[in-house]
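>>> Structure for this input, please:
(one chain, ligands or ions: 1)
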Amino acid sequence: MNGRPPHLTTRQFRRTLAWFIARHPAGAIAGALQFRHQRIQMFEGYAGTSDSGFRAEVEAEEALTRGQYLADTATEPDRPRLTGPAGAEAEQRLTAFARHAVFEGQVVTDETRLLRIMKLHDPAIYPGTFVTCVFNPDRALCRPAPGTSEEPELGDCRPLACRNTALTPGNREAHARHLAVLDRALAQGDRLAPYIRHRFQQQRQDTSDFLTRHTPEPT
Ligand code: SF4
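Got it, this is the predicted structure:
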């Protein structure tokens with residue numbers, strides 16, 4: 001490139017942008033709120049109102065990212081089982097997905113092929129920071145994602161109450177970190193307004209009970 005900025009074609013630029021959006025850490029609840037804002041702006045501004053096809057491009061990139069994650073998870077022999085109200089259903093869906101995601105003993109990595117598998121056999125499992133959503137629209141407690149009722153809205157997730165919640169060890173750790181944050185805030189509870197203190201105490205109790213219910217006994 002001889003010190004000159006690289007030249008990106010429009011197609012390369014769009015793919016790069018779609019890649020970035022799809023791999024943004026949308027599972028983090030705080031991050032997802034910001035992401036959702038960006039996504040709405042993107043989809044309902046430039047991309048949603050034009051015939052650019054950019055929405056489809058981002059959705060394909062999201063499906064691919066999720067497909068790669070789910071194929072790796074489904075075929076990982078020694079991983080801990082998912083817990084939570086939908087933990088057993090998550091395991092059933094992953095087992096079914098693994099039958100499609102492995103060909104001749106190898107996990108499918110070819111992007112076109114993996115996208116086709118996702119189109120036909122998407123297990124509708126959505127990984128996030130606090131929750132692994134095993135999506136059933138009729139029991140979802142979040143509002144539908146913008147422009148669709150077929151996907152969960154992780155930025156509006158209610159993991160402690162929703163029956164679509166499954167938990168990986170990483171999800172449980174995220175809740176434990178959240179508990180520690182609440183503990184720190186409550187240690188200085190006399191500086192908090194009574195209403196806020198009460199909310200934090202309630203949240204702490206609910207999160208602690210939830211973790212106790214859905215953390216497996218050590219073997
Ligand atoms: S509220 Fe339920 S359906 Fe919505 S993202 Fe959370 S777990 Fe999934």
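
>>> Check the burial of Pro216 by counting its neighbours.
12 (other CB atoms under 10 Å). (Each C-beta comes from the backbone N, C-alpha and C, glycine too.)

>>> got the contact list for it?
Taking CB atoms under 8 Å, 6 or more residues apart in numbering, we find Pro216 in contact with Pro80, Arg81, Thr83.

>>> So which residues on this protein come close to the ligand?
Taking CB under 6 Å from any ligand atom as the contact definition, the chain meets the ligand at 131, 133, 135, 140-142, 152, 154, 157-159, 162, 164-165.

>>> Drop anything exposed from those.
By neighbour count, with 16 or more other CB atoms under 10 Å, the residues of the chain next to the ligand hold 131, 133, 135, 140-142, 152, 154, 157, 159, 162, 164-165 as buried.

>>> Output the residues of the chain next to the ligand as TSV; include the columns pLDDT, distance to Gln205 and secondary structure.
Formatted as TSV, these follow (pLDDT from 0 to 100; distance: CB to CB, whole Å; DSSP: H, G, I helix; E, B strand; the rest coil):
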residue	pLDDT	distance to Gln205	secondary structure
Val131	95	19	coil
Cys133	96	24	strand
Phe135	95	28	coil
Ala140	93	25	coil
Leu141	93	19	coil
Cys142	91	23	coil
Pro152	89	26	coil
Leu154	86	24	helix
Cys157	92	19	coil
Arg158	93	16	coil
Pro159	94	15	coil
Cys162	96	18	coil
Asn164	97	23	coil
Thr165	97	18	strand
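
>>> Take the residues you listed and write them to JSON lines, including distance to Ala63.
Shown next, in JSON lines, are the residues of the chain next to the ligand (distance: CB to CB, whole Å):
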{"residue": "Val131", "distance to Ala63": "19"}
{"residue": "Cys133", "distance to Ala63": "15"}
{"residue": "Phe135", "distance to Ala63": "13"}
{"residue": "Ala140", "distance to Ala63": "19"}
{"residue": "Leu141", "distance to Ala63": "24"}
{"residue": "Cys142", "distance to Ala63": "19"}
{"residue": "Pro152", "distance to Ala63": "14"}
{"residue": "Leu154", "distance to Ala63": "15"}
{"residue": "Cys157", "distance to Ala63": "20"}
{"residue": "Arg158", "distance to Ala63": "24"}
{"residue": "Pro159", "distance to Ala63": "23"}
{"residue": "Cys162", "distance to Ala63": "22"}
{"residue": "Asn164", "distance to Ala63": "19"}
{"residue": "Thr165", "distance to Ala63": "22"}
